[in-house]
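Asker: coords below, sequence missing:
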């Protein structure tokens with residue numbers, strides 16, 4: 001599919017997705033706050049804060065075959081319509097005083113599942129619209145907006161909830177998805193020709209479709225090695241769920257200082273996304289991936305030896321910067337290397353495996369911390385050691401011989 005680097009609907013594509021990502025940032029705090037208003041059950045509040053993770057555990061595998069066998073633009077538009085409807089329903093609950101914790105959680109998980117389909121389809125759609133270096137810049141812009149929304153969105157929700165009530169935040173969230181849906185529709189209508197096959201999929205064959213993507217993932221040394229690297233990294237990044245505990249309980253920091261540590265990670269994420277095109281233009285992409293993961297390990301080790309709260313904040317900023325940079329490179333490589341007909345399945349499968357590692361890491365991090373008298377330092381150090389060992393192994397066994405691969409699409413890359 002030729003790139004859509006021309007006037008028309010493509011001009012609305014990035015702004016529309018930035019608005020959508022802002023809505024994701026609002027939802028990070030809006031849904032947990034809604035649950036807090038309904039119950040003081042910590043488990044319910046924790047579940048309300050994890051709809052994306054739950055969504056990938058439920059729908060990550062079937063999302064890929066569906067996106068590959070239908071028109072991804074239709075999937076995007078429907079997913080936005082579903083999410084807009086869900087937040088309008090949540091707004092209605094707050095307006096009328098109806099709705100239970102169970103209903104809110106079900107709707108939150110439904111929004112998370114719709115988000116999984118949306119993110120999987122967006123990977124394919126971005127590849128249809130952009131290519132070569134423009135693809136790197138586009139992924140960088142989208143990730144910059146995503147990181148900024150995670151930093152700014154919760155703060156805006158807090159201000160809206162204090163000034164106008166939580167329902168205002170929920171209504172604005174719904175509006176962001178409507179804006180995204182309209183810009184996607186306009187972009188799709190202006191695209192030259194079809195971007196996918198006919199809307200058809202046999203649900204009886206969805207297992208076979210999934211296995212086809214899994215076979216490609218296993219047969220591609222680059223994609224399989226990067227998937228292993230992402231799974232191990234996400235397992236180790238579970239240590240960062242202890243950052244708040246580390247800052248508050250171990251160092252005795254005030255809520256404001258704890259917020260500064262968390263905000264440092266958000267700033268690091270924005271910088272990681274913003275600097276990605278310049279770094280990628282100067283260095284080999286696979287080298288950037290492995291170096292980024294190793295830098296995550298170094299930041300985790302630094303955090304384990306942190307003498308004060310500010311050291312922890314800087315470590316968190318460097319860690320998120322490296323994580324976002326490596327993620328952008330891996331996403332772009334996947335879009336350029338993987339054949340379009342299996343891109344949705346490879347994306348959905350990889351992300352599901354990566355997200356599945358998260359809960360395992362969280363449980364391990366909590367157990368190790370408790371066993372050492374609520375001392376989180378060994379968890380950060382153990383995560384750093386695992387990364388320090390696994391990254392060189394993955395480089396030596398699966399990536400080194402492909403280290404000269406460029407970050408642009410050509411016939412040789414498609415078969416790499």
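Answerer: Good, I have the coordinates. None of these values were measured; they are calculated from a predicted model.
Asker: Who's the closest spatial neighbour of residue 330, skipping the chain neighbours?
Answerer: residue 226 (5.3 Å; CB to CB, 6 or more residues apart in numbering). No exception for glycine: its C-beta is placed from N, CA and C like everyone else's.
Asker: Tell me where the model's unsure across the stretch 101-250 of the chain.
Answerer: 132, 154-155, 157-163, 165, 192-210 (pLDDT under 70).
Asker: For it, which segments count as helices?
Answerer: 101-129, 132-163, 166-190, 206-219, 221-237, 243-245 (DSSP state H, counting those that start in this stretch).
Asker: Specify the stretch among those helices that is closest to residue 342.
Answerer: helix 206-219 (4.9 Å; CB to CB).
Asker: sorry, back to before: next up, the contacts around the residue nearest to residue 330.
Answerer: 289, 330, 333-334, 399 (CB atoms under 8 Å, 6 or more residues apart in numbering).
Asker: TSV please, covering the helices of the stretch 101-250 of the chain and showing distance to residue 252.
Answerer: Output for the helices of the stretch 101-250 of the chain, formatted as TSV (distance: least, CB to CB, whole Å):
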stretch	distance to residue 252
helix 101-129	33
helix 132-163	24
helix 166-190	31
helix 206-219	46
helix 221-237	25
helix 243-245	12
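Asker: Ok, which of those helices comes nearest residue 316?
Answerer: The nearest among these, by CB to CB, is helix 243-245 at 6.0 Å.
Asker: Report the distance from the closest one to the chain centre.
Answerer: When C-alpha coordinates are averaged (CA atoms, centre = their mean, to the nearest Å), helix 243-245 and its chain have centres 21 Å apart.
Asker: returning to what we had before: how near is the residue nearest to residue 330 to residue 335?
Answerer: Separation of residue 226 from residue 335 (CB to CB, to the nearest Å) stands at 12 Å.
Asker: try residue 124
Answerer: Counting by CB to CB - residue 124 and residue 335 are separated by 8 Å.
Asker: Please identify every residue contacting each of these two.
Answerer: residue 343.
Asker: More neighbours: those two, which one.
Answerer: Neighbours per residue (other CB atoms under 10 Å) separate residue 124 from residue 335, with residue 124 holding more: 27 against 23.
Asker: And the residue of the chain most remote from its centre, how far from residue 106?
Answerer: Distance from the C-alpha centroid of the chain peaks at residue 96, with 33.4 Å (CA atoms, centre = their mean). Shown here: residue 96 relative to residue 106, a distance of 18 Å by CB to CB.
Asker: again, but for residue 399
Answerer: Counting by CB to CB - residue 399 and residue 106 are separated by 42 Å.
Asker: Settle it for me: which of the two has more neighbours?
Answerer: residue 399 (20 against 12).
Asker: In contact with the more buried one, which residues?
Answerer: Residue 399 sits next to 221-222, 225-226, 286, 289-290 when contact means CB under 8 Å, 6+ apart.
Asker: okay, those in JSON lines with distance to residue 243 next?
Answerer: Formatted as JSON lines, the contacts of residue 399 follow (distance: CB to CB, whole Å):
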{"residue": "221", "distance to residue 243": "35"}
{"residue": "222", "distance to residue 243": "32"}
{"residue": "225", "distance to residue 243": "29"}
{"residue": "226", "distance to residue 243": "26"}
{"residue": "286", "distance to residue 243": "29"}
{"residue": "289", "distance to residue 243": "24"}
{"residue": "290", "distance to residue 243": "24"}
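Asker: which among those end up buried?
Answerer: Taking 16 or more other CB atoms under 10 Å as the criterion, what is buried in those is 222, 225-226, 286, 289-290.
Asker: wait, which of those residues is closest to residue 301?
Answerer: Among these, and counting by CB to CB, the member closest to residue 301 is residue 290, at 16.7 Å.
Asker: I'd assumed residue 395 was in contact with the closest one.
Answerer: Yes. The pair residue 290 and residue 395 passes the contact test of CB atoms under 8 Å, sitting 4.8 Å apart.
Asker: any idea how far residue 106 is from residue 113?
Answerer: Separation of residue 113 from residue 106 (CB to CB): 11 Å.
Asker: Now the common contact residues for these two.
Answerer: With CB under 8 Å, 6+ apart applied, the contact sets of residue 113 and residue 106 do not overlap.
Asker: Can you name the residues that contact residue 404?
Answerer: residue 284.
Asker: host element of it?
Answerer: If you go by DSSP states H and E, residue 404 is not part of any helix or strand.
Asker: what separates it from residue 105, distance-wise?
Answerer: Counting by CB to CB, the separation of residue 404 from residue 105 is 49 Å.
Asker: before we move on, what about residue 223?
Answerer: Counting by CB to CB, the gap from residue 223 to residue 105 is 34 Å.
Asker: More neighbours: which of the two?
Answerer: More crowded of residue 223 and residue 105, by other CB under 10 Å: residue 223, with 22 against 18.
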